[in-house]
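Student: could you work out the structure for the sequence below:
(one chain, ligands or ions: 4)
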Amino acid sequence: MRLKELLSLLPFSEQFSKLYDIEINAIKMDSREIKKGDLFVCINGFSVDGHDYVEEAVQNGASVIVAEREINVSAPVLKVPDTVRFLAMAAAKYYQHPTNYVPLIGVTGTNGKTSVTYLLETIFNHNHQKTGVIGTIQMKIGSNTYPVENTTPDALFLQKTIRQMVDQGVEQVIMEVSSHALDLGRVYGCDYNIAIFTNLTQDHLDYHESMDDYLRAKSLLFAQLGNSYHTNNKKFAIINVDDSVSWRISRSTAQAIITYGIKGEAIITAKDIQLTPMGTRFLLCTPYGNADIKSNLIGNFNVYNMLAASAAAIISGISLPIIKEALQSIQGVHGRFEPIVNGQSFSVIVDYAHTPDSLENVLATIQDFAKKKVFVVVGCGGDRDRSKRPLMAQIAVKYADQAIFTSDNPRTENPQTILNDMTAGIEGSTTNFQVISDRREAIHYAIKQAQKDDIILIAGKGHETYQQIGHIKHHFDDREVALEALQAKEN
Ligand SMILES: CC(=O)N[C@H]1[C@@H](OP(=O)(O)OP(=O)(O)OC[C@H]2O[C@@H](n3ccc(=O)[nH]c3=O)[C@H](O)[C@@H]2O)O[C@H](CO)[C@@H](O)[C@@H]1O[C@H](C)C(=O)N[C@@H](C)C(=O)N[C@H](CCC(=O)O)C(=O)O
Ligand SMILES: Nc1ncnc2c1ncn2[C@@H]1O[C@H](COP(=O)(O)OP(=O)(O)OP(=O)(O)O)[C@@H](O)[C@H]1O
Ligand SMILES: N[C@H](CCC[C@H](N)C(=O)O)C(=O)O
Ligand SMILES: [Mg+2]
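Tutor: Ligands and ions are numbered 1, 2, ... in the order given. Okay, here's the model as predicted:
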């Protein structure tokens, strides 16, 4: 690509006219990956500043540097006010605006993003449409899966991935959009057709300075809805009316709004909800008629997830019978309320609840069905929102008969400090908890204690297959460890 094409993204780009004819092989944001003829965009990150790696980029053959400040190197330097924005726009341009050639659904909110994307993937597949999915667990093109580092990848990886999806005949892309991604401009270059808001509750206050700032980030997805380059497709915001901030999300967009909910007045609603330990039944009510849904998914929060997915499917032209068939076919979402079964007389459930709200939802659901004791094994991530730690501990001791506090990706923090933050939230007279820092030991302990009809919730890691200590990810899978403990108990 000629540099002139990328420069057309910048206002007053004539000032760079001398550079128009430079040929760009690829756009890179990492000096270590630069090859001859690449353009290097300097990003000021959380650990280091990409501007400090310009020399290395030039040595590796960078033909142009894009930076936020004057830099004295042998390669030409394009000074722009915001390299993050430039990167997102340049990536979209370089990969020929892939999101203009495939419908794109973005799902944001504190909890339920992965669940809703999974429900949507199943619905579109039942409608015989090839899907591409980008999210926390993995990236998927059709049935091929690829590992991911982030829930929402950086702009370069994102645009490249969607381009691959378009080239491989994907007919619908569904992606989770994290608040970090919105705040860091990873999705500036995306043209969404549908944006879904699940809910907003406390998380990530290590990154966002307040809940208001967290909401601002979430609302950016709705603010950018409709920034189409070529298409004239209608755009829709799908919003959970039962969430207290939904009106602020609605006000962020000028596009059409489709509401869903159970308590408040909404376009897509659920009536006659029956929640059981085996699954959920409800009447899905839509402007196109109603459908009686019998789902294997457990808990009231999953009714919300099914409403959100149904709303997006309806808007995408999928019929109610297909939606019903798809929702009823779903056995569960990986690592979300996933039962671990080895013929034992009590239940073991692995779940990804790692926020106060999701932990409360899952424990309240379990408590509703519990015949005997409820155990919860839970920890809080290191280098993440400290203020959620005491809240999660309070919720654990409130809903469970016995809480076992343990480690969940301590990262660079001392595990004991995290556990102290958790127990600091608990009143002195409370005794239904203990601390077992080693997660394997904690899971074994809970399973050893359990008796007939008890329920053990192992929360926080869900599908994760590692425990991150320092900067190293050690293999660890709650589901494997639970099974190992069940087998040990048997013998
Ligand atoms: C806080 C955060 O978001 N960090 C992301 C960020 O890393 P960073 O800012 O630390 O990058 P850095 O190491 O400082 O590097 C800055 C720049 O210098 C460049 N560099 C660096 C070294 C070098 O030798 N040469 C060089 O050019 C880097 O390529 C980069 O362009 O950019 C990286 C590349 O895009 C991301 O992978 C990384 O996500 C980390 C892994 C992370 O944990 N992020 C979390 C907080 C996150 O984003 N989470 C959300 C989900 C949250 C939710 O569940 O709701 C997500 O979407 O995943
Ligand atoms: N709609 C919902 N409301 C509240 N809690 C939910 C909802 N859906 C799922 N949960 C709970 O939150 C946990 C995480 O769900 P899910 O992975 O779908 O959310 P997410 O938004 O993708 O999370 P992350 O930000 O970590 O990617 C589940 O394991 C469940 O306990
Ligand atoms: N996407 C979330 C995942 C948290 C999962 C939990 N196991 C932890 O490590 O804190 C985050 O990065 O905050
Ligand atoms: Mg997710």
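
Student: hmm, the helix or strand Pro390 falls within in reach of ligand 3?
Tutor: Per DSSP states H and E, Pro390 falls inside helix 388-399. No - contact between helix 388-399 and ligand 3 is absent, the nearest approach being 9.3 Å (criterion: Cβ under 6 Å from any ligand atom). All C-beta spots, glycine's among them, are computed from the backbone N, C-alpha and C.

Student: helices and strands around that helix, which ones?
Tutor: Judged by 3 or more Cβ pairs under 8 Å, 6 or more residues apart in numbering; DSSP states H and E, helix 388-399 is in contact with helix 356-369, strand 374-378, strand 402-405, helix 415-423, strand 433-435.

Student: if we use 7 Å, what do you get?
Tutor: Judged by 3 or more Cβ pairs under 7 Å, 6 or more residues apart in numbering; DSSP states H and E, the packing partners of helix 388-399 are helix 356-369, strand 374-378, strand 402-405, helix 415-423.

Student: and the second one, what's buried?
Tutor: The reference is to strand 374-378. 374-378 (16 or more other Cβ atoms under 10 Å).

Student: show me what contacts the residue in the stretch 351-491 of the chain positioned nearest to ligand 3?
Tutor: Nearest to ligand 3 in the stretch 351-491 of the chain, going by Cβ to the nearest ligand atom, is Gly381, at a distance of 2.0 Å. Counting by Cβ atoms under 7 Å, 6 or more residues apart in numbering, Gly381 makes contact with 354, 408-409, 411.

Student: dump the buried residues of strand 374-378 into JSON lines; add pLDDT as well.
Tutor: Shown next, in JSON lines, are these (pLDDT from 0 to 100):
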{"residue": "Val374", "pLDDT": "97"}
{"residue": "Phe375", "pLDDT": "98"}
{"residue": "Val376", "pLDDT": "98"}
{"residue": "Val377", "pLDDT": "98"}
{"residue": "Val378", "pLDDT": "98"}
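
Student: before we move on, back to that, could I get the helices and strands packed on helix 388-399 as CSV with distance to ligand 1?
Tutor: What follows is the helices and strands packed on helix 388-399, written out as CSV (distance: least, Cβ to the nearest ligand atom, whole Å):
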stretch, distance to ligand 1
helix 356-369, 11
strand 374-378, 17
strand 402-405, 22
helix 415-423, 17
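
Student: redo the ones you listed as a markdown table? Include distance to ligand 4.
Tutor: Below are the helices and strands packed on helix 388-399 laid out as a markdown table (distance: least, Cβ to the ion, whole Å):
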| stretch | distance to ligand 4 |
| --- | --- |
| helix 356-369 | 11 |
| strand 374-378 | 18 |
| strand 402-405 | 24 |
| helix 415-423 | 22 |
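
Student: reformat the ones you listed as CSV; add distance to Arg440.
Tutor: Listed next are the helices and strands packed on helix 388-399 as CSV, based on distance: least, Cβ to Cβ, whole Å:
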stretch, distance to Arg440
helix 356-369, 21
strand 374-378, 11
strand 402-405, 12
helix 415-423, 13
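
Student: for Ser219, which of the ones you listed is the nearest?
Tutor: Distance to Ser219, taken as Cβ to Cβ, is lowest for helix 356-369 among these, at 18.4 Å.

Student: mind giving me the packing neighbours of the closest one?
Tutor: Counting contacts by 3+ Cβ pairs under 7 Å, 6+ apart, helix 356-369 packs against strand 374-378, helix 388-399, strand 455-459.

Student: mean pLDDT for the helices and strands packed on helix 388-399: which is lowest?
Tutor: Among the helices and strands packed on helix 388-399, helix 356-369 carries the lowest mean pLDDT, at a mean of 94.

Student: now that one against strand 374-378, angle please.
Tutor: 160 degrees (axes from the mean of the first three to the mean of the last three Cα atoms, to 10 degrees).

Student: spell out whether helix 356-369 and ligand 2 are in contact.
Tutor: Yes - against ligand 2, helix 356-369 shows contacts by Cβ under 6 Å from any ligand atom at 357-358, 361-362.

Student: which two among the residues you listed are spaced furthest apart?
Tutor: Asp357 and Val362 (9.7 Å).

Student: what score does Leu78 have for pLDDT?
Tutor: Leu78 carries a pLDDT value of 93.

Student: JSON lines for the helices and strands packed on helix 356-369, including distance to ligand 2?
Tutor: Shown next, in JSON lines, are the helices and strands packed on helix 356-369 (distance: least, Cβ to the nearest ligand atom, whole Å):
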{"stretch": "strand 374-378", "distance to ligand 2": "11"}
{"stretch": "helix 388-399", "distance to ligand 2": "12"}
{"stretch": "strand 455-459", "distance to ligand 2": "7"}
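
Student: let's have those in a markdown table, adding distance to Phe301.
Tutor: Below are these laid out as a markdown table (distance: least, Cβ to Cβ, whole Å):
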| stretch | distance to Phe301 |
| --- | --- |
| strand 374-378 | 17 |
| helix 388-399 | 14 |
| strand 455-459 | 14 |
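
Student: for Phe337, find the nearest of the ones you listed.
Tutor: Nearest to Phe337 among the helices and strands packed on helix 356-369 is strand 455-459 (9.1 Å), distances taken as Cβ to Cβ.

Student: put the alpha carbons of that closest one into PDB.
Tutor: Below are the C-alpha coordinates for strand 455-459, written out as PDB (Å, rounded to 0.1, in the frame of the first residue of the first chain):
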ATOM      1  CA  ILE A 455     -23.600 -27.900  46.300                       C
ATOM      2  CA  ILE A 456     -20.000 -26.700  45.800                       C
ATOM      3  CA  LEU A 457     -19.500 -23.600  43.600                       C
ATOM      4  CA  ILE A 458     -15.900 -23.100  42.400                       C
ATOM      5  CA  ALA A 459     -16.000 -19.500  41.200                       C
END
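
Student: what strands line up against it, and which way round?
Tutor: strand 347-351 (parallel), strand 374-378 (parallel) (DSSP bridges).
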